[in-house]
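In: got a structure for you, letters missing:
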RNA sequence: GCGCCCGUAGCUCAGCGGAUCAGAGUAUUGGCCUCCGAAGCCAAGGGUCGUGGGUUCGAAUCCCGCCGGGCGCGCCA
């Protein structure tokens, strides 16, 4: 019986060879890579290249010496030396295809880091002000944040998804005044229209609803409550339609009412980290890498926004989150240094790199060859709801998470509208539906699949598929560690592509029972892996399309 | 001006703590359904990896300069 973990097997063999040959360097770190080219085997080690310099030996000869120490067995073939000194390992086909059985046994758990405890993690994302509907930038954040959360859960973390609601402050004040003015019949730009008021149509809708509910227009506080409640409802409905749920909604106003903002300032001052200048209170953030000190309390007595921001992060720490990831737009990157500095200045033992950030570039929406400007204040922007209505939730989620977070995103509405079938999500979903269709056609009992003779899966395309399946767990681990959910989308694209090729080249439901069973087992493993990956991205895995 | 990020095929983008990548999709062109779903497959053309240096046995990948683009540089949030 071949081993279940070929990587560990090869590492052991390699380590043993090193101890024999170069005892002094035998404990050097071993990195086994997956060669990109199929001809280079299943695993590759560059250890000879790494050691060549310190040992002052020819890398290729060293590699050959190491390879000569490793014998072929039932798990691997005899390793080969290639290029400047790589040692390439090729698995026996039964070893390689053993992953099929692992997938079938693990089911929905395949790809997850079994038995690992990562501790508590909080992922904060979206955190939109309740001053308007969610725009496509929020959509990107929702897709990224939710996928990242799922990835971290798969790595054994206990994840809390959190939405920080700014329900206090000037933006909300502006919202209330805008609604009030609108209800009084004013339009944006009219004399008496509030400074930088919100001009979107939703303001008028809220104003009409407020009047219809017989609200007292002169009561600005009542208008504020009504407008905030109304927009929160709308945002919640949009998020629900997007398939994103939050565990905690944290209200900024509670930081004030619970005295947490004052407490932060007291501690800074008590630690001697503040000073008075020009009638304001300043924090010495330059002690922690900021390029200038920051105002804490303005000369008018109010706090600057970053104080509640720090107070909020203190609650994260106090709630026991030692790992926190904030998903935000790159336009917020300057706040990173400030928030971290504010936390440092508390002398509370919070590490300098706390919290982590996943920053994403803005989404540029193109329509009719022109950019649609995204701006809350302008009021004319594409909303998450628009995107969902146009191309469907699955396509929006997959698309928005298919790109590196820090690359600028061009979302072509016309393309999405006219050619939805070009969206890569359908390609992946189609592979899943195809497998389902094969099984429907077959109509047999899937219980026989785990007993399939997997050594029969030795064809070129079967080898490629099986290798790809084996990469899934490490792909997820890397994506989680690098905060890079897009890697999952690219992986699924590749897996689906290899399945489509296989499907077109080979018939699954052949007459030979043993071969048919083996191929069905492979298909079942592909289906399971596709479903697991899509699930992480919040995308459905349909049986029919 | 300063800081961070980004320049890879016509277009949209992967690859980037060196070596075993010049890559994917799309678009263009040509093939493949009497046979498990053609929303698919196979094949072809298409790029000095912005540019100029540097380090190395080896650079799309690391370092520096320049050019081009994005985002920040408030006693706004």
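Out: That came through fine. Keep in mind it's a predicted model, so treat the numbers as computed, not measured.
In: now do the contacts for the residue in the stretch 51-200 of chain A that RNA strand B sits nearest to.
Out: Closest residue of the stretch 51-200 of chain A to RNA strand B, C-beta to the nearest atom of the strand: residue A:86 (2.6 Å). Quick note: C-beta positions are derived from backbone N, CA and C, even for glycine. Applying C-beta atoms under 8 Å, 6 or more residues apart in numbering to residue A:86 gives the contacts A:40, A:44-46, A:48-49, A:63.
In: and for residue A:451?
Out: Contact analysis of residue A:451 by C-beta under 8 Å, 6+ apart lists residue A:517.
In: so which of the contacts of residue A:86 also contact RNA strand B?
Out: Contacts with RNA strand B within the contacts of residue A:86, counted by C-beta under 7 Å from any atom of the strand: A:40, A:44, A:46, A:49.
In: the stretch 351-500 of chain A: helices as residue ranges?
Out: A:384-391, A:393-400, A:413-418, A:424-442, A:460-481, A:486-505 (DSSP state H, counting those that start in this stretch).
In: now, of the ones you listed, which is deepest in the fold?
Out: Of all the helices of the stretch 351-500 of chain A, helix A:393-400 carries the top mean neighbour count, a mean of 24, counting by mean count of other C-beta atoms under 10 Å.
In: quick check: chain neighbours aside, which residue is closest to the closest residue to RNA strand B within the stretch 151-300 of chain A?
Out: For the stretch 151-300 of chain A, the residue closest to RNA strand B is residue A:278, as judged by C-beta to the nearest atom of the strand, at 2.6 Å. Nearest residue to residue A:278, sequence neighbours excluded (C-beta to C-beta, 6 or more residues apart in numbering): residue A:299, at 6.7 Å.
In: thought residue A:280 was touching the one you found, still the case?
Out: Yes - with contact defined as C-beta atoms under 8 Å, residue A:299 reaches residue A:280; the gap is 4.9 Å.
In: please identify which of these two sits among more neighbours.
Out: residue A:280 (15 against 11; other C-beta atoms under 10 Å).
In: and the pLDDT for that one?
Out: Note for residue A:280: predicted pLDDT of 94.
In: how about the one 10 residues further on?
Out: The predicted local confidence for residue A:290 comes out at a pLDDT of 88.
In: also the one 5 residues further on?
Out: Looking at residue A:295, its pLDDT reads 95.
In: so it: helix, strand or coil?
Out: Following DSSP: H, G, I helix; E, B strand; the rest coil, we place residue A:295 in the strand state.
In: OK, contacts around it?
Out: Shown in contact with residue A:295 (C-beta under 8 Å, 6+ apart): A:280-283, A:304.
In: most neighbours among those, which one is it?
Out: Within the contacts of residue A:295, residue A:283 tops the neighbour count with 28 neighbours, counted by other C-beta under 10 Å.
In: my guess is that one contacts residue A:344. True?
Out: No - if you go by C-beta under 8 Å, residue A:283 and residue A:344 don't touch, sitting 10.3 Å apart.
In: before we move on, back to that, among the contacts of residue A:295, which ones lie close to RNA strand B?
Out: By C-beta under 7 Å from any atom of the strand, the members of the contacts of residue A:295 lying near RNA strand B are A:280, A:304.
In: residues near the residue of the stretch 151-300 of chain A closest to RNA strand B, how many?
Out: Residues near residue A:278, counting by other C-beta under 10 Å, number 7.
In: identify the residue spatially nearest to residue A:361, adjacent ones excluded.
Out: According to C-beta to C-beta, 6+ apart, the nearest residue to residue A:361 is residue A:408 (4.4 Å).
In: is it true that residue A:325 lies in a strand?
Out: Yes - looking at residue A:325 with three-state DSSP, it is inside a strand.
In: how close does the closest residue to it other than its chain neighbours sit to residue A:152?
Out: Distances taken as C-beta to C-beta, 6+ apart place residue A:356 nearest to residue A:325, at 4.6 Å, with adjacent residues excluded. Distance, residue A:356 to residue A:152, by C-beta to C-beta, to the nearest Å: 11 Å.
In: the two: who's more crowded?
Out: residue A:152 (22 against 14).
In: spell out which residues of the stretch 251-400 of chain A are next to RNA strand B.
Out: Residues of the stretch 251-400 of chain A that fall close to RNA strand B, judged by C-beta under 7 Å from any atom of the strand: A:277-280, A:291, A:295, A:298-300, A:302, A:304-306, A:330-335, A:361-362.
In: quick check: longest strand of chain A.
Out: Secondary structure of chain A per DSSP state E: the longest strand is strand A:157-165.
In: quick one: that strand near RNA strand B?
Out: No - using C-beta under 7 Å from any atom of the strand, strand A:157-165 stays clear of RNA strand B, coming no nearer than 11.0 Å.
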